[in-house]
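Asker: pasting the structure only:
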């Protein structure tokens, strides 16, 4: 067993010693799980781990190959440095900025609400962000009107700029061209490339579109916008001119030379400089390196780092003041800016959305920092491109100094990057920069990389962009939270009881105390967190759920919440405490399979599976995110897994974000997991189960362990027992009222505390 596996085993045993699952004293080495935990030895990722064996040289069991292909080193989160470089000045065009953290243009969807939009961008500047970008939300291209975007007169650009400036920040605007169609655009090209490409434009259209960019920049400058970012990455039109794979033109804008490939963007840069002044800052967003994510490995015409170095020189010569680099897969747009999706899902690091898997020691030219779960993924690529230019260069993909401060500071000290672009961590905690400047890392609300924040579908089928941790996202200044980000002050001197210290209860206690109420949080177990620690063990460290648990625990102390653990709460206890309001967050009830196990086929509850004797053939009963994560964990540990559930197949992993499902579900299928939707186990035999469902026949499946991961049921016992107590406000939140996921639990707790 190598040292990394030893560390993992010890950490899991340490967890089990402190958890309240009721399995004290049981280690995992004898469970059949730890013994087949994937090895983490020997792969060189992004030149960061040194030499050693590659994945292909490491003898493996076939069922475990996915879990062993891209081993991860999680020992990268030290906090020893002073962050001097991170909080040093740098020049961007005519702007002098006091730190190296820039908020990228992404995902707010606030343009429909003037107050929300102004307060949203203002909050980042107040929180210490000195440069932030607004995503392209306005219909600014006169020759190519777009009804899906807002008319500029309806968007409070001037108010946003004024508010950001008053808070000490600068604000830019990203001009993008994704989604535009031209006279040569046809269904075939859209289906192949999912966007318009360079050859779709006539020469007249090309020049008109360039002029529209220049005119838009001039208008934005008049609104107080400090800088322009031209999006020439991903599925934006500018990228297709830079690309040999998408550019088939035969004129001076074709792929015949680097000057030709860059000409479309360079002429826009020059036009903006001529119109807005040579000192008006222009940043270009471009792919730093490209790879084929759909037909994996077939990347002959995908742009290399070496090509991008030459293109970067052309952009600098045209007047670009800085470069923003991101990853360049072709077919899954989301992975271009949220590239850490390649690391989601236990034991499938490198997963694409097509049931295949990158080998980071070979794909992407072995240039990615691919052994830190996606953190700092593009640093080495940025370093190579930076060596070719003299203008500042920054990159994205989970550049999170709160998560890995020394790693980020070292990249700056080594001159690999000049600045970093961040979006998700800052939207989780708008006071992010101020906190890390003061080295209050534990006070930063952590981004859990769940991707609920980007085009996620709710249970009602509508698209939402909510944050798992920050309940204010797309709720503040709307119907649910008309008061805005900050809850209203307490109404009178009230005593609040919160029962249950999972994420819903801890969030409710935090907000109620923040308002000024006297709050006591009760937990029947010996520690706070509910099932967060269990979820962290099953999911692995990628989603930062242990960070979330620690953050919520610290917030109780900082908010002056009195925390009482080891206390069972019933109606009589509530009456003794005589509170004015009770928030119940005791979690849901487990459902029963209604079956009896046999000597050779045991039934294990999902909450106990980490410490139970698990056989080789496992059936997970359930369709929710707990069931799905359990199945992923078992497959990564070499088990043969079947899933049986009463829902449609489309419900698999319900409660998980749409994007995480897009990446993890294909890999679960590709590794041989058999799913029986609209089905149930009708009988348990010795070493087998009988599945009855939509097939119309009974199917016998080899199985020595059945894991009960059915949907939780509401837990209304305490609510019912407290009914009728005069003057007592009782609110149930989270899984005890409506079992679903962490995001909904935290939101319910936040809203409940605001409504007392």
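Answerer: Noted; the coordinates are in hand. Since this is a predicted model, take the numbers as computed values, not measurements.

Asker: kindly report the domain assignment for the chain.
Answerer: The chain breaks down by automatic domain parsing into domains covering 90-444, 487-589+723-754, 591-711.

Asker: save the ones you listed as JSON lines, and put in mean neighbour count too.
Answerer: Every C-beta, even on glycine, is put in place using the N, C-alpha and C of the backbone. Formatted as JSON lines, those follow (neighbours: other Cβ atoms under 10 Å):
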{"stretch": "domain 90-444", "mean neighbour count": "21"}
{"stretch": "domain 487-589+723-754", "mean neighbour count": "20"}
{"stretch": "domain 591-711", "mean neighbour count": "19"}
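
Asker: and the ones you listed: which comes nearest residue 468?
Answerer: domain 487-589+723-754 (4.0 Å; Cβ to Cβ).

Asker: returning to that earlier point: can you redo the domains of the chain as a markdown table with distance to residue 461 and mean pLDDT?
Answerer: Listed next are the domains of the chain as a markdown table, based on distance: least, Cβ to Cβ, whole Å; pLDDT from 0 to 100:
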| stretch | distance to residue 461 | mean pLDDT |
| --- | --- | --- |
| domain 90-444 | 17 | 96 |
| domain 487-589+723-754 | 15 | 97 |
| domain 591-711 | 11 | 97 |
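
Asker: could I get the ones you listed as CSV with distance to residue 467?
Answerer: Output for the domains of the chain, formatted as CSV (distance: least, Cβ to Cβ, whole Å):
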stretch, distance to residue 467
domain 90-444, 6
domain 487-589+723-754, 7
domain 591-711, 11
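
Asker: longest strand in this protein, by number of residues?
Answerer: strand 282-291 (DSSP state E).

Asker: just to revisit the earlier point, out of the domains of the chain, which comes closest to residue 480?
Answerer: Here domain 487-589+723-754 is closest among the domains of the chain (Cβ to Cβ), at 6.3 Å.

Asker: pretty sure residue 496 belongs to a strand, no?
Answerer: Yes: the assignment for residue 496 (DSSP: H, G, I helix; E, B strand; the rest coil) places it in a strand.

Asker: make sure it is actually in contact with residue 756.
Answerer: Yes: at 6.5 Å, residue 496 and residue 756 qualify as touching, with contact defined as Cβ atoms under 8 Å.

Asker: list residues touching both of these two?
Answerer: Common neighbours of residue 496 and residue 756 (criterion: Cβ atoms under 8 Å, 6 or more residues apart in numbering): 512, 517, 581, 583.

Asker: closest to residue 188 among those?
Answerer: Out of the shared contacts of residue 496 and residue 756, the member with the shortest distance to residue 188 (by Cβ to Cβ) is residue 583, at 56.3 Å.

Asker: show me what contacts the closest one?
Answerer: Per Cβ under 8 Å, 6+ apart, neighbours of residue 583: 496-499, 505, 508-509, 512, 731-733, 749, 752-753, 756.

Asker: ramachandran angles for it?
Answerer: Note on residue 583: backbone dihedrals following degrees, to the nearest 10 are phi -110, psi 120.

Asker: how much space separates it from residue 520?
Answerer: 11 Å (Cβ to Cβ, to the nearest Å).

Asker: now residue 127
Answerer: 30 Å.

Asker: with residue 281 instead?
Answerer: 52 Å.

Asker: re earlier: show me what the helix or strand that comes right after the longest strand of the chain is packed against.
Answerer: Following strand 282-291 in sequence order, the next helix or strand is helix 305-318 (DSSP states H and E). Applying 3 or more Cβ pairs under 8 Å, 6 or more residues apart in numbering; DSSP states H and E, we find helix 305-318 packed against helix 258-276, strand 282-291, helix 379-386.

Asker: can you put those in JSON lines and add distance to residue 685?
Answerer: What follows is the helices and strands packed on helix 305-318, written out as JSON lines (distance: least, Cβ to Cβ, whole Å):
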{"stretch": "helix 258-276", "distance to residue 685": "65"}
{"stretch": "strand 282-291", "distance to residue 685": "47"}
{"stretch": "helix 379-386", "distance to residue 685": "54"}
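
Asker: quick one: closest of those to residue 175.
Answerer: Comparing these by Cβ to Cβ, helix 258-276 comes nearest, at 8.4 Å.

Asker: what's the spacing between the closest residue to residue 211 other than its chain neighbours and residue 208?
Answerer: Distances taken as Cβ to Cβ, 6 or more residues apart in numbering place residue 271 nearest to residue 211, at 7.1 Å, with adjacent residues excluded. Remark: distance between residue 271 and residue 208 (Cβ to Cβ) = 12 Å.
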